[in-house]
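[1] make a model of this:
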Amino acid sequence: MKAYKRNGRDSLKAGNSRLSHELAGAAMGGITGALVGAAAGPPGVVAGAVMGAAAGTAAGAALDTASSKDNQRTRELDAEIGVDGGSLGAPNLLHPPARVGTYSAASAGAASGPGASPAEGPMQEPEE
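    Here you go, the predicted structure:
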């Protein structure tokens, strides 16, 4: 399996993405902690905001790590099956050649015998 190589720009984007996720988690955690800590007055607001920001930062980092691993695995699988390399659906597959070169009766529109039921529905009639 080929490993997906990251260039410097990808690393920079990943670092900025991680930082933005951590900052968003810190902000949301801080707001939530401040609202919960408001029940204890102004010291509770400050303590809740600090603890909430710490928890939010950790949650944002964990979610970013999981997302990065999933994205890396998806890139590896895409490269392996040919989505990124342009070989998906390529006509160079090694199928055996046709033996006769004619169409089947069904694809040519030939009708079945006079007493046969069509092959549709839940169950076909047994052949005699």
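[2] scan the chain for its longest helix.
    helix 42-81 (DSSP state H).
[3] quick one: mean pLDDT over that one.
    On average, the pLDDT along helix 42-81 is 90.
[4] show me what it is packed against.
    helix 8-37 (3 or more CB pairs under 8 Å, 6 or more residues apart in numbering; DSSP states H and E). Every C-beta, even on glycine, is put in place using the N, C-alpha and C of the backbone.
[5] buried residues in the helix it packs on?
    Neighbour counts over helix 8-37 (16 or more other CB atoms under 10 Å) mark 18, 21-22, 24-26, 28-30, 32-34, 36-37 as buried.
[6] tilt between the longest helix of the chain and helix 8-37?
    150 degrees (axes from the mean of the first three to the mean of the last three CA atoms, to 10 degrees).
[7] can you give me the buried ones in helix 42-81?
    So helix 42-81, judged by 16+ other CB under 10 Å, has buried residues 45, 48-49, 51-53, 55-57, 59-61, 64, 75.
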